[in-house]
Structure formats: structure tokens, C-alpha cells
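Asks: Fold the following.
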Amino acid sequence: MNTLIIKPLARKVSFDSDNMWIELADGRKLAVPLAYFPSLLNATQKQRKNYTISGGGTGLHWEDIDEDICVESLMMGIGDRTSRKKMNAKS
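Replies: Now for the predicted structure:
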């Protein structure tokens, strides 16, 4: 049996009070809790709306808050790793 694997590609990003919503090229919508990304959680609405889709949809970038997110990692449930690195460095 062959399984077609389609790489998730972002087409649009939006936000509600608790989540970041990523609309994918294949029609799916992915909700990611803002708590996974403290820099987005603490950003203003204006900063959140100022994003760039990079790599043909494979990445998301927010210049104002220096945040980069891999869409494929979101599909695997991976959130912000920088806060864990900072906590581990303090230990």
C-alpha cells in the first residue's frame, strides 16, 4: 500500500484569545495554544499580525518579536524550545 505524504504548508495565520490558527495549503486548520510560544502569547495583536510565511509555507517568522516556527514541528506538537534551553542552562 502506498501512502501519500504531503508536507504541511502554511497559507495563513490568525489568532484568537488562546490560540494561533494555521490554515494549511491542503485545507486543514491547526490550532496551537499560545502558551506553547511565550513570545507570541506576550506579543501585541499588531506584532502577531506582522508575520512572514517562509520556505513556500514551511516556516513562520515574526520579525518584531524574533520568533521562528517550523510548520512541520507544529504538526508534531513541538512548541517553543528556547524557554526549556534557558531553564536547563540555569540548572
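Asks: Off-centre distance for stretch 53-69?
Replies: 8 Å (CA atoms, centre = their mean, to the nearest Å).
Asks: Check stretch 16-25 too.
Replies: Distance, stretch centre to chain centre, for stretch 16-25: 9 Å (CA atoms, centre = their mean).
Asks: For the chain, which segments count as strands?
Replies: 10-15, 19-24, 29-33, 52-54, 59-62, 67-70 (DSSP state E).
Asks: Give me the packing partners of the fourth one, helices and strands only.
Replies: I take that to be strand 52-54. Using 3 or more CB pairs under 8 Å, 6 or more residues apart in numbering; DSSP states H and E as the contact criterion, the elements in contact with strand 52-54 are strand 10-15, strand 59-62. Quick note: C-beta positions are derived from backbone N, CA and C, even for glycine.
Asks: do the same with the first one
Replies: Strand 10-15 sits against strand 19-24, helix 45-49, strand 52-54, strand 59-62, with contacts defined as 3+ CB pairs under 8 Å, 6+ apart.
Asks: For this structure, give me the ranges with low pLDDT.
Replies: 1-5, 82-91 (pLDDT under 70).
Asks: Repeat the analysis, applying 90 as the threshold.
Replies: 1-7, 77-91 (pLDDT under 90).
Asks: residue contacts, the spatially most central residue of the chain?
Replies: When the chain is reduced to its mean C-alpha position, the nearest residue by CA atoms, centre = their mean turns out to be residue 69, at 4.5 Å. Residues near residue 69 by CB atoms under 8 Å, 6 or more residues apart in numbering: 37, 59-61.
Asks: out of those, what pair is the most spread apart?
Replies: 37 and 59 (13.7 Å; CB to CB).
Asks: returning to what we had before: looking at the helices and strands packed on strand 52-54, which is closest to residue 33?
Replies: So among the helices and strands packed on strand 52-54, strand 10-15 is nearest, using CB to CB, at 11.2 Å.
Asks: That'll do, ta.
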